[in-house]
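Asker: Next come a sequence and a model predicted from it.
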Amino acid sequence: MSEKNARPLRVAVLGCSGSIGTQTLDVCRRHPDRLRVVALSVNSSTDALVAAAREFGVRHAAVADPAHVSDGALDGLPEGCSLASGADAVTELATLDDVDVVVNALVGFSGMHAGYAALRAGKTLAYANKESIVVGGDLIMPLAREGRLIPVDSEHSAIFQCLVGESPSSVRRIWLTCSGGPFYGRTRAELEGVTAAQALAHPTWTMGAKITIDCATLMNKGLEVIEAHHLFDQPIDAVRVLVHRQSRIHSMVEFADGVVKAQLGSSDMRAPIQYALSYPERWEGFVERVDWCHADPLTFGEADEATFGCLALAREAGRAGGTLPCAMNAANEVANASFRQGMCSFLDIERVVRRVMDETRVERVESLEQLDEVDARSRERARAAVAEVRS
């Protein structure tokens, strides 16, 4: 928005009650002259939906879980705000005529249809739903070649920023940074008995439960490797995972001449969210600034893929391509939830994903409907595998 008196960008926030969604609303709250929230969705958190809808005076709201559309809280939606329910209703928010930018903060596979629809409708997609790229990158990326897809993940935002003004052909390697999670340095024997509460205690970032467990298994970093492969058109093995415990360097790009560019800053997701909404401009920030004269020393290490096997499985799925990443992601979502519910052990997450991948016949990705079928079939296999490890 380069002109001083240009109208605010009209924003739809899908998944507005989660970690990314609430931080997106905070960015919008701090830039009311530039951003206007016009559409919101939640899965079932209707109280949060109503509170945000009233604060921002939104015109459209959707509840993904139809069982909650009759919640009494929804009577408090502002006058004139439309309300719909179901997954299709969330997707429709991404295509509305009065939406310019869609922030896709949905969790897991469920966000793929909305992201695809947003790009087909010509919207700018600021997305934090990495699973949609992992699963459907072959379908989504051809729609994103016009520069309408801006990553929100801190690592991919960092890479995106490092590549501004650079030729993709000059990239030699991507260094994808990783905090190492709460179990960095532990052995597989020590990981066997860890609890969900321990796995949810991330040392750096405050995130939702699913992604926090993924960070503990390093599956989140595996998903991000595949995501970077699609986003930046780089081979899987050109994306290196670098353990950086301080989470100050959010990722780096190494070029053909040996020069490395890095993006540094505080561990606050509102910075990449704001950049996704302001790009190609930079607006005045409000996150904590780092005093580099007194910052802790920066350290680096190699990710242990033998101990944290989910990262190796993700690389394997990324190299194979086709429908295998979809099957892997579905199995991980089931196993991740099962671990949080006490139905399997921490290392069983990896075992379940391994089994489903082994049982998957890899096919070329051709349609969203095909991916829906692969996802459903893989979830059934994963649930069966969880039941077996429990017995």
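Answerer: Cool, got the structure. Numbers count the residues shown, from 1 in each chain.
Asker: Phi, psi for V287 please.
Answerer: Per-residue torsions, V287: phi -80, psi 160 (degrees, to the nearest 10).
Asker: ok, it touching D268?
Answerer: Yes. Judged on Cβ atoms under 8 Å, V287 makes contact with D268 at a distance of 4.1 Å. For every residue, glycine as well, the C-beta is placed using N, CA and C.
Asker: Which helix runs longest in this protein?
Answerer: The helix that spans the most residues within the chain, counting by DSSP state H, is helix 368-390.
Asker: just checking, what packs against that one?
Answerer: When contacts are defined as 3 or more Cβ pairs under 8 Å, 6 or more residues apart in numbering; DSSP states H and E, helix 368-390 packs onto helix 112-120, helix 130-140, helix 324-340, helix 346-358.
Asker: Any idea which of these gets closest to G181?
Answerer: The minimum distance between G181 and the helices and strands packed on helix 368-390 falls on helix 346-358, with 11.2 Å, by Cβ to Cβ.
Asker: Wait, S44 touches A64, no?
Answerer: Yes. Counting by Cβ under 8 Å, A64 is a contact partner of S44 at 7.4 Å.
Asker: neighbour count winner among the two?
Answerer: Neighbour tally, S44 and A64, criterion other Cβ atoms under 10 Å: the higher count belongs to A64, 22 against 16.
Asker: what about stretch 319-328, how long is it end to end?
Answerer: Using Cα to Cα, to the nearest Å, the end-to-end distance of stretch 319-328 comes out at 12 Å.
Asker: what's that stretch in contact with?
Answerer: If you take Cβ atoms under 8 Å, 6 or more residues apart in numbering as the criterion, stretch 319-328 is touched by 109, 134-138, 226, 236-237, 313-314, 316-318, 353, 356-357, 360, 362-365, 370-371, 374-375, 377-378.
Asker: try 6 Å this time
Answerer: Outside stretch 319-328, the residues that touch it by Cβ atoms under 6 Å, 6 or more residues apart in numbering are 134-135, 226, 236, 317, 353, 356-357, 360, 362-365, 371, 374-375, 378.
Asker: Sort out which residues of that stretch are buried, please.
Answerer: By 16 or more other Cβ atoms under 10 Å, the buried positions in stretch 319-328 come out as 321-328.
Asker: what mean pLDDT does it have?
Answerer: The average pLDDT within stretch 319-328 is 98.
Asker: what's near enough to touch V58?
Answerer: Contacts of V58 (Cβ under 6 Å, 6+ apart): 37-38, 40, 81.
Asker: per-residue pLDDT, it?
Answerer: On pLDDT, V58 comes in at 97.
Asker: measure it to A84 for me?
Answerer: V58 sits 13 Å away from A84, taking Cβ to Cβ, to the nearest Å as the criterion.
Asker: Where does the prediction get shaky in the stretch 151-300 of the chain?
Answerer: Low-confidence segments of the stretch 151-300 of the chain, defined by pLDDT under 70, span residues 205-206.
Asker: for it, what spans make up the helices?
Answerer: According to DSSP state H, counting those that start in this stretch, the stretch 151-300 of the chain carries its helices in the segments 154-163, 188-191, 196-199, 209-217, 219-231, 270-278.
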